[in-house]
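Q: test case, fold it:
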Amino acid sequence: MSVIANAEIKSRPVARVVSVVQALDLTKWIDGRPILREINLDIPSGRFVVVLGANGAGKSTLLKVLATLTRPSSGDLRLFGQAVGADAARLRARIGIISHQSMLYRELSARDNLVFFGRLYGVRRPEERAMDLLAMVGLADRADDPVKTFSRGMTQRAAIARALVHEPDLLLADEPFAGLDAPAVKALEELLGRLHGKGKTIILTHHDVDHSLRMAEQAVVLRAGQVVVDRWARQLDAATAIREMTAA
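A: Purely as a prediction, here's the structure:
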């Protein structure tokens, strides 16, 4: 099996910065089938990482494991320098999650959704935080409209605001661009860029290889549940990434 590793990523000194994600031989079995197989990752604070792979490669499952929403079958996972165990809920409070579901209450307004989640996380002045986020994602003028009246792109923007309400240190996004039109894609790309500029660690999955490599610093390619590429995005071309994703 071909494995492309970037020595620069693995050996570059990080000035004693604690890694946000450290995975050692992570394996996940579901219904008797290995979905993730001996995943090893070391992601320092502030890194923008894209996870690529064909359908069924294990991308969504990997993000669920990193989000502590499901436990690995074996292997070790450390988040923010701490082993994930009984205190997973405390670590989860430092993570923002964007998934295929919006996790929003459709009958509630965008503002009420964010205020609810803000209070759930103990955010100070949740009403003010909600409006700041809605303005950031371009929904301030629809703050009091029920989410059920939103388009796909608007719902996604509201879901992003929900994921950021508690100012997480780590943002995990599973196909956040899916179903968005061109203006919404551009707006989300700019938003992710601003978050990255503020030092947030971002890990996302994306089906558009070219777009991914333009945005991210580090590219991880999964094939059949294994890491087959882990290198700087600028040193990986789309053709190579696709070849590694689909190799027999």
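
Q: burial measure for Asp144, as a count.
A: The number of residues packed around Asp144, counting by other CB atoms under 10 Å, is 10. From N, CA and C alone the C-beta is placed, and that goes for glycine too.

Q: low-confidence ranges in the chain?
A: Across the chain, the stretches falling below the confidence threshold (pLDDT under 70) are 1-17, 86.

Q: tell me the domain boundaries of it?
A: As given by automatic domain parsing, the domain ranges for the chain are 4-94+169-246, 106-167.

Q: ok, which of those comes nearest His100?
A: Taking CB to CB as the criterion, His100 comes closest to domain 4-94+169-246 out of the domains of the chain, the separation being 6.1 Å.

Q: which parts of the protein are strands?
A: Remark: strands assigned in the chain by DSSP state E are 4-5, 19-30, 33-44, 48-53, 74-79, 82-83, 95-98, 170-174, 201-205, 218-223, 226-232.

Q: about what we covered before: okay if I get the domains of the chain as JSON lines plus distance to His100?
A: Output for the domains of the chain, formatted as JSON lines (distance: least, CB to CB, whole Å):
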{"stretch": "domain 4-94+169-246", "distance to His100": "6"}
{"stretch": "domain 106-167", "distance to His100": "10"}
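
Q: quick one: neighbours of Leu24, just the number.
A: Applying the criterion other CB under 10 Å, we find 13 residues in the vicinity of Leu24.

Q: helices of the chain, start to end?
A: Remark: helices of the chain, listed N- to C-terminal, are 7-11, 59-66, 88-92, 110-120, 126-136, 152-164, 182-197, 209-215, 238-246; assignment by DSSP state H.

Q: give me the contacts around the fifth one.
A: Counting contacts by CB atoms under 8 Å, 6 or more residues apart in numbering, the residues outside helix 126-136 that touch it are 110-111, 114-115, 118-119, 123, 140, 142-143, 158, 161, 164-165, 191.

Q: and for stretch 114-121?
A: If you take CB under 8 Å, 6+ apart as the criterion, stretch 114-121 is touched by 93, 105, 108, 126-127, 129-130, 133-134, 158, 161-162, 165-166.

Q: just the buried ones among those, please.
A: Neighbour-count burial within these applies to Pro126, Arg129, Ala130, Leu133, Leu134, Ala158, Ala161, Arg162, Val165, His166; the criterion is 16 or more other CB atoms under 10 Å.

Q: how distant is stretch 45-63 from the center of its chain?
A: Centroid separation for stretch 45-63 versus its chain: 8 Å, with CA atoms, centre = their mean, to the nearest Å.

Q: next, the buried residues of it.
A: Result for stretch 45-63 [16+ other CB under 10 Å]: buried residues 45-53, 57-63.

Q: so which residue is dead centre in the chain?
A: Central residue of the chain (CA atoms, centre = their mean): Leu172, 1.9 Å from the mean position.
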